[in-house]
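Student: what follows is a predicted protein model with its sequence.
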Amino acid sequence: MNVLIVGGGGREHALAVKAADSGNVQNVFVAPGNAGTAADPRRKSISNVDIAATDIDGLIEFAKSKNIGLTIVGPEQPLVAGISDRFSEAGLACFGPTARAAKLEGSKTFAKEFLQRHQIPTAKYRSFTDVSLAHSYLQKQAFPIVIKADGLAAGKGVVIASDLEQSLNAVKDMLSGNRFGDAGHRVVIEEFMSGEELSFICIVSGEDVLSMASSQDHKAAYDGDTGPNTGGMGAYSPAPIADDLLVSKILELVIHPTVRGLKEEGLPYVGFLYAGLMIGSDGIPKVVEFNCRFGDPEAQPVLARLESDLVAHCLAAVSGNLDKEEAVWDQRSCLGVVMAAAKYPESVEKGAVIHGLELSSADTEVYHAGTSLQGEQVVTNGGRVLCITGFGDSVSEARKKAYERVAQIHWDGAWYRSDIGYRAVERET
Ligand code: AMP
Ligand code: GLY
């Protein structure tokens, strides 16, 4: 069978690698892909096609011409734009939710209203389109408080305001400025939740759920979880906080009510469902956000641990047979460190030549994200450039392996966090 992966980041490189490892797959095409998926030295069956992830007509035409048996959609934009609906109409198997179900990620107001309707734990909130109404609400709130752009903002449309003035400015910026474009013309103001964050991702098909291994991600740019929010600067799996008791609470309080609620509302879900959770001191998982796709960079360490067949799992979900699937995991820990380009997340510096990719070290893998090929050379082509994963018997060991490989790779302006996994490492020592 031929498989098409839609997208061009680190998550898509990880999806392509897993798809290529599937017993039943001849060719894996990645649209548009990156330098890693253009020339993965260990997996010759992977290649790129020059079609943008949002060019749904182009992707359908390609899928028909190459007899694609399964398309897996990486990023949220094409899902929110209806790629899954269009593929189904064309009779093509597509793993990803419909546009209406993808609103769980596409509109924070939709997601919050859904959570409330189904009594799923989350922070209290209000939604506003009017600056003065939002401002008078803020006058009566406790701080810190969280201000979010309603629509898609690549993980960057969230401000945690520590005082009234900062919150007033954030709301004004989003509603009357144009900082987040259309995505910011409605804001959600929500209660600040303290605790530890956890990414819980499942393959969903209607009411059937196949849980992926737990993971934790570092969204803040700098060490100690400081600085601006990014798409994610590193992640590891499993997350030691996610013991069996917590996982059963997550399924019972969050995941099952969500998939049941979606079905009841006429939005049966097929695809990856990502619950971003906050685990407070009471041990109750509360939803921070939903994503309608795999996490990036969570996909790199999580999928690296998947020993069972990803393509078989996704096909079973598309055909309504997910209840028969079982996921098998490498019992070791895997940790991924994102290497970013100069000035990320404020802006993106492209075109720096990346050195050291030909070197290798045991138990590590280099997943490409913002890279492209310039002749024989691999150059930077985005903010988050690479994600380097390492395996180990503990998170500390996995982290050591990953950073040894990171140290071999250089380009002008490259930087990364030096403390990925610190909470898990503290637990181990
Ligand atoms: P989101 O885009 O909704 O996932 O928010 C991005 C990040 O902001 C989350 O991963 C959290 O670190 C933080 N965040 C969002 N909402 C809250 C909240 N209500 N309380 C505390 N932190 C939050
Ligand atoms: N790493 C967070 C996300 O993919 O949204």
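Tutor: Here it is on my side, so go on. Ligands and ions are numbered 1, 2, ... in the order given.

Student: what count of nearby residues applies to Thr429?
Tutor: 6 (other CB atoms under 10 Å). From N, CA and C alone the C-beta is placed, and that goes for glycine too.

Student: state the distance from it to ligand 2.
Tutor: To ligand 2, Thr429 is 26 Å away according to CB to the nearest ligand atom, to the nearest Å.

Student: host element of the residue lying closest to that residue once chain neighbours are set aside?
Tutor: Nearest residue to Thr429 in three dimensions, chain neighbours excluded: Ser396, at 7.3 Å (CB to CB, 6 or more residues apart in numbering). Secondary structure assignment for Ser396, by DSSP states H and E: helix 395-406.

Student: nearest residue to the middle of this protein?
Tutor: Closest to where the C-alpha atoms of the chain average out (CA atoms, centre = their mean) is Gly295, at 1.7 Å.

Student: and the nearest residue to Gln139 once chain neighbours are set aside, what does it touch?
Tutor: Distances taken as CB to CB, 6+ apart put Leu164 closest to Gln139, at 7.1 Å, once the chain neighbours are dropped. Contact analysis of Leu164 by CB atoms under 8 Å, 6 or more residues apart in numbering lists 138-139, 143.

Student: switch the cut-off to 10 Å
Tutor: The contact partners of Leu164, by CB atoms under 10 Å, 6 or more residues apart in numbering, come to 135, 138-139, 141, 143, 145.

Student: could you export those residues as JSON lines, including secondary structure?
Tutor: Formatted as JSON lines, the contacts of Leu164 follow (DSSP: H, G, I helix; E, B strand; the rest coil):
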{"residue": "His135", "secondary structure": "helix"}
{"residue": "Leu138", "secondary structure": "helix"}
{"residue": "Gln139", "secondary structure": "helix"}
{"residue": "Gln141", "secondary structure": "coil"}
{"residue": "Phe143", "secondary structure": "coil"}
{"residue": "Ile145", "secondary structure": "strand"}
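
Student: tell me how far the next helix or strand after the helix holding Ser396 lies from the chain's centre.
Tutor: Downstream of helix 395-406, the next assigned helix or strand under DSSP H and E is helix 422-428. Relative to its chain's centre, helix 422-428 lies at 22 Å (CA atoms, centre = their mean, to the nearest Å).

Student: show the average pLDDT along helix 422-428.
Tutor: Averaging pLDDT along helix 422-428 gives 92.

Student: and His135, what pLDDT?
Tutor: The model reports His135 with a pLDDT of 94.

Student: for it, give me its contacts.
Tutor: 128, 164, 167-168, 171-172, 175.

Student: pull out the buried residues from those.
Tutor: When these are checked for burial by 16 or more other CB atoms under 10 Å, the buried set is 128, 167-168, 171, 175.

Student: and the strand or helix carrying Ile388, what's its mean pLDDT?
Tutor: Assessed by DSSP H and E, Ile388 sits inside strand 384-392. On average, the pLDDT along strand 384-392 is 98.

Student: kindly report the same for stretch 256-267.
Tutor: The model assigns stretch 256-267 a mean pLDDT of 98.

Student: ok, now stretch 34-42?
Tutor: pLDDT averaged over stretch 34-42 gives 93.

Student: and it, what's buried?
Tutor: For stretch 34-42, by 16+ other CB under 10 Å, it's 34-38, 40.

Student: so how far is stretch 216-227 from its chain's centroid?
Tutor: Counting by CA atoms, centre = their mean, stretch 216-227 comes out at 15 Å from the chain centroid.

Student: cool, and stretch 62-78?
Tutor: Relative to its chain's centre, stretch 62-78 lies at 18 Å (CA atoms, centre = their mean).

Student: now that stretch - C-alpha only, PDB.
Tutor: Output in PDB follows, covering the C-alpha atoms of stretch 62-78 (Å, rounded to 0.1, in the frame of the first residue of the first chain):
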ATOM      1  CA  PHE A  62      -2.100  13.200  -6.100                       C
ATOM      2  CA  ALA A  63      -3.700  10.600  -3.800                       C
ATOM      3  CA  LYS A  64      -5.800   9.300  -6.700                       C
ATOM      4  CA  SER A  65      -2.900   9.200  -9.100                       C
ATOM      5  CA  LYS A  66      -0.600   7.300  -6.700                       C
ATOM      6  CA  ASN A  67      -3.300   4.900  -5.500                       C
ATOM      7  CA  ILE A  68      -2.800   6.100  -1.900                       C
ATOM      8  CA  GLY A  69      -4.500   3.600   0.500                       C
ATOM      9  CA  LEU A  70      -4.200   5.800   3.600                       C
ATOM     10  CA  THR A  71      -3.600   9.500   4.200                       C
ATOM     11  CA  ILE A  72      -2.500  10.700   7.700                       C
ATOM     12  CA  VAL A  73      -2.900  14.400   8.300                       C
ATOM     13  CA  GLY A  74      -0.300  16.000  10.500                       C
ATOM     14  CA  PRO A  75      -1.100  19.600  11.100                       C
ATOM     15  CA  GLU A  76      -4.400  21.300  12.200                       C
ATOM     16  CA  GLN A  77      -4.900  23.800   9.400                       C
ATOM     17  CA  PRO A  78      -5.900  21.300   6.700                       C
END
